[in-house]
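1. sequence? don't have it. structure:
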């Protein structure tokens, strides 16, 4: 138990659906991250929020839309996804950007 | 070419063996991280280091800033050490290696 929770743990969605992934941390951290992990590929950093401001957006398609309403919560809104977006989506937090990150268990997403 | 290279890609060892996983990077960094990912997907941060050496239980991590190289050592390996070990470097950006898949057999 790292103090970072993610819901749902598993998600199956069609290409026309809209869904959201939720991440919550109870560690008092100021930075939160979304990662994508596809099979046989390195972890890909998608978004970073520091003090609720987006500080990094690594050329992620607009069908992924992050939201950080406060320092404890991070959402990833999904719409009109493609089958190649099927992956494990991991959330992490750290005290400040670049410091040791604590990862959530991930949401395994399947897009049909 | 990935900015963070790990070797070996896959490693099988017998219980009790001493294990070394290597990480080389090509960018300037402020810190290097070693992560452990178990088969279920959960990731645990093992070490964050910017110089020298750190030890936690049977795990030892070293870094040589001049050579842009880090090693993760596992002493007296155990089947529960079986996991993917990921090297990451943070500087202007956060870059990850592809991971080393370790299997420790009884």
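-> Good, I have the coordinates. Fair warning: this is a prediction, and the values are worked out from it, not measured in the lab.

2. show me what contacts residue 71?
-> Because you didn't say which chain, this covers chain A. Applying C-beta atoms under 8 Å, 6 or more residues apart in numbering or on different chains to residue A:71 gives the contacts A:29-30, A:32, A:51-52. Every residue, glycine included, has its C-beta placed from N, CA and C.

3. try again with chain B
-> B:20-23, B:61-62.

4. ok so, going back, quick one: buried ones out of the contacts of residue A:71?
-> Buried members of those, counted by 16 or more other C-beta atoms under 10 Å in any protein chain shown: A:29-30, A:32, A:52.

5. helices or strands up against the lowest-mean-pLDDT helix or strand in chain B?
-> Every helix and strand in chain B was compared by mean pLDDT, DSSP states H and E; the lowest is strand B:94-96, with a mean of 85. On a contact count with 3 or more C-beta pairs under 8 Å, 6 or more residues apart in numbering or on different chains; DSSP states H and E, strand B:94-96 meets strand A:44-50, strand B:83-90.

6. got TSV for those, with mean pLDDT and mean neighbour count too?
-> Formatted as TSV, those follow (pLDDT from 0 to 100; neighbours: other C-beta atoms under 10 Å in any protein chain shown):
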stretch	mean pLDDT	mean neighbour count
strand A:44-50	90	20
strand B:83-90	93	23
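
7. Make JSON lines out of those strands and add distance to residue B:39.
-> Formatted as JSON lines, the helices and strands packed on strand B:94-96 follow (distance: least, C-beta to C-beta, whole Å):
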{"stretch": "strand A:44-50", "distance to residue B:39": "20"}
{"stretch": "strand B:83-90", "distance to residue B:39": "7"}
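
8. Count the residues that sit near the closest residue to chain B within chain A.
-> Nearest residue of chain A to chain B, counting by C-beta to the nearest C-beta: residue A:103, 3.9 Å away. Residue A:103 is flanked by 22 other residues according to other C-beta atoms under 10 Å in any protein chain shown.

9. quick revisit: among the contacts of residue B:71, name the buried ones.
-> Counted by 16+ other C-beta under 10 Å, the contacts of residue B:71 give B:21, B:23, B:61-62 as buried.

10. could you redo those as JSON lines and give each row pLDDT and distance to chain A?
-> Shown next, in JSON lines, are the buried ones among the contacts of residue B:71 (pLDDT from 0 to 100; distance: C-beta to the nearest C-beta, whole Å):
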{"residue": "B:21", "pLDDT": "98", "distance to chain A": "15"}
{"residue": "B:23", "pLDDT": "97", "distance to chain A": "12"}
{"residue": "B:61", "pLDDT": "97", "distance to chain A": "13"}
{"residue": "B:62", "pLDDT": "97", "distance to chain A": "17"}
